[in-house]
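Student: Provided below for reference: sequence and predicted model.
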Amino acid sequence: MVQSCNAEAIASYADLLADQQAEAALIYMPGSGAGLASTARAHGRYLLDFDPLDSWLLGILTPQGPQQSQYLVACATPNYFLAAHAARHRPDLRLQYVPAVQFSGWLAAQLGGRQRLGLIGGGEMPAWLQQAAQAALPGATWLALDQAAHRQRQQKSPRDLARHAAAAGLVDALFAAVPGLVGNAAASAPLSAPQLQEMIRRTAWDLGCADCRSWISFGPQGSDADIFAPHPAQLASQANIITVGLMLTLDGAFGHAIRSFCRGRPAAGLLAAHDALKAASDHLFDGLRPGPHAASRIARLEAEAGTELVARGFSQGFAFRLGHALGYAYEDPPLAALFQQPFDARQGAAPLADETILAPSLFELHPSLHLPGQGLIALGDMLLVEPGANRWLLTTPRDLLPL
């Protein structure tokens with residue numbers, strides 16, 4: 001079935017241009033092949049319900065149109081095969097194939113001498129494309145609209161929430177599958193972290209997700225045993241603690257959570273550590289509410305959660321930051337920046353710009369502890385901040401899970 005553009009979202013981006021008195025804007029939209037670190041990839045999924053995969057497309061947006069769907073007046077890509085794919089499966093996009101050497105002329109023809117232009121996704125745009133835009137419109141004034149566009153996506157629509165809820169359901173299904181994957185493999189041969197990651201990814205594809213990434217921590221080596229480790233130093237068949245972080249996309253929307261698993265009966269100290277994480281997580285659940293001055297409020301909540309851990313005898317603090325905002329980008333800015341990594345805070349980072357938490361907004365909260373000689377344990381979940389109350393999106397028990 002052919003999906004259609006998100007006319008409401010396109011119109012909201014067009015409103016940004018009207019507010020800035022911009023005559024048009026270029027929107028750079030890479031596909032999921034750009035990786036988790038890309039925030040520009042969110043624009044294509046949010047506006048067009050389209051994933052350029054390992055390529056990208058460039059949209060031209062105007063602040064007015066005869067009807068909402070016509071604010072986005074043109075889309076082009078230098079990838080012939082992507083344009084052919086879109087022509088067959090998404091003819092409503094009207095995606096044009098424009099060779100790279102012709103982009104400057106194409107932009108000049110499309111923009112017709114406009115001189116006050118917005119740029120969305122410009123920070124991730126290839127240098128040659130930026131040069132082509134400048135050559136097409138010499139003397140133009142360029143307005144960076146990334147942060148404003150990201151803020152447009154912070155308040156989740158019913159469409160967004162349905163997608164995130166479905167993605168959370170897939171994460172639940174994968175967590176339910178982990179003990180079986182570990183047990184079946186360990187019964188026949190030792191299992192390394194990369195092998196378990198590949199088994200999880202294949203299971204995720206079978207369940208229908210578009211992309212799935214994971215990180216695995218086995219036993220006392222902490223979080224070193226991930227997909228970048230050249231040699232698996234610890235085997236799942238021997239580890240007492242296995243912490244699994246899952247990140248996947250479904251129709252462009254992220255699902256993300258972390259659970260820790262324990263082989264056999266957990267030691268009292270391990271249970272106490274996990275209970276401390278749960279208490280810290282519950283404190284964040286209660287305190288992360290809509291409203292202004294989000295940076296100072298999140299900093300206070302982080303300090304209070306840390307105090308909760310110290311009061312329970314865990315003074316080493318968090319292994320990594322408490323969370324981030326989530327959406328069509330893995331770290332949905334600008335709210336994601338309000339959660340600082342402990343090592344960034346120690347470097348004396350500059351004060352963060354303040355933000356307002358709108359409702360409904362979505363976060364991934366994942367307090368963690370590294371237990372010397374035992375391993376990393378963490379508890380991560382998708383928190384939906386709604387006007388009346390908060391709620392977790394996953395149904396997987398928020399406990400130390402058995403293998």
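Tutor: Now that the structure is in, tell me what you want to look at. Keep in mind that this is a model prediction, so the values were computed, not measured.

Student: what ranges do the strands span in the stretch 51-200 of the chain?
Tutor: Ranges of strands in the stretch 51-200 of the chain, per DSSP state E, counting those that start in this stretch, are 56-61, 72-77, 95-97, 116-120, 141-144.

Student: any low-confidence regions in the protein?
Tutor: 1-3, 65-69, 185-190, 220-239, 315-318, 343-352 (pLDDT under 70).

Student: thought residue 124 was touching residue 27?
Tutor: No - if you go by Cβ atoms under 8 Å, residue 124 and residue 27 don't touch, sitting 11.4 Å apart. The C-beta positions use only the backbone N, C-alpha and C, and glycine is treated the same way.

Student: give me the more crowded residue out of those two.
Tutor: Legend: neighbour count by other Cβ atoms under 10 Å for residue 124 and residue 27, higher for residue 27 (26 against 16).

Student: report the buried residues of the longest helix along the chain.
Tutor: Of all the segments of type helix in the chain, defined by DSSP state H, the longest one is helix 158-188. Across helix 158-188, burial judged by 16 or more other Cβ atoms under 10 Å covers 160-161, 163-175, 177-178, 181-182, 185-186.

Student: same question, stretch 119-133
Tutor: Residues of stretch 119-133 classed as buried: 119, 120, 121, 122, 124, 125, 129, 132, 133 (neighbour count, 16+ other Cβ under 10 Å).

Student: how is the chain carved up into domains?
Tutor: Residue ranges for the domains of the chain, per automatic domain parsing: 7-154, 158-402.

Student: contact partners for residue 313?
Tutor: By Cβ atoms under 8 Å, 6 or more residues apart in numbering, the contact list for residue 313 reads 272, 276.

Student: look up how far residue 301 lies from it.
Tutor: Using Cβ to Cβ, to the nearest Å, residue 313 is found at 21 Å from residue 301.

Student: go on, residue 41?
Tutor: 29 Å.

Student: for residue 247, same thing?
Tutor: Distance of residue 247 to residue 301, given as Cβ to Cβ: 23 Å.

Student: for residue 36, same thing?
Tutor: Going from residue 36 to residue 301 by Cβ to Cβ gives 25 Å.

Student: look at these two and report which has more neighbours.
Tutor: Counting neighbours by other Cβ under 10 Å for residue 36 and for residue 301 shows that residue 301 has the greater number, 21 against 16.

Student: ok, that one touching residue 282?
Tutor: No - contact criterion Cβ under 8 Å: residue 301 and residue 282 do not qualify, at 11.5 Å.

Student: the host helix or strand of residue 215 versus helix 158-188: what angle between them?
Tutor: Assessed by DSSP states H and E, residue 215 sits inside strand 211-218. Inter-element angle recorded for strand 211-218 and helix 158-188: 50 degrees (by axes from the mean of the first three to the mean of the last three Cα atoms, to 10 degrees).

Student: widest-spaced pair of the buried residues of stretch 119-133?
Tutor: Greatest spatial distance in those: 120 and 132, 16.6 Å, computed using Cβ to Cβ.

Student: so the closest residue in space to residue 98 that isn't next to it in sequence bridges to which residues?
Tutor: Closest residue to residue 98 apart from its sequence neighbours, by Cβ to Cβ, 6 or more residues apart in numbering: residue 76 at 4.3 Å. Note on residue 76: beta-bridge partners by DSSP bridges are residue 58, residue 96.

Student: contacting residues around residue 76?
Tutor: 57, 58, 95, 96, 97, 98, 103, 106.
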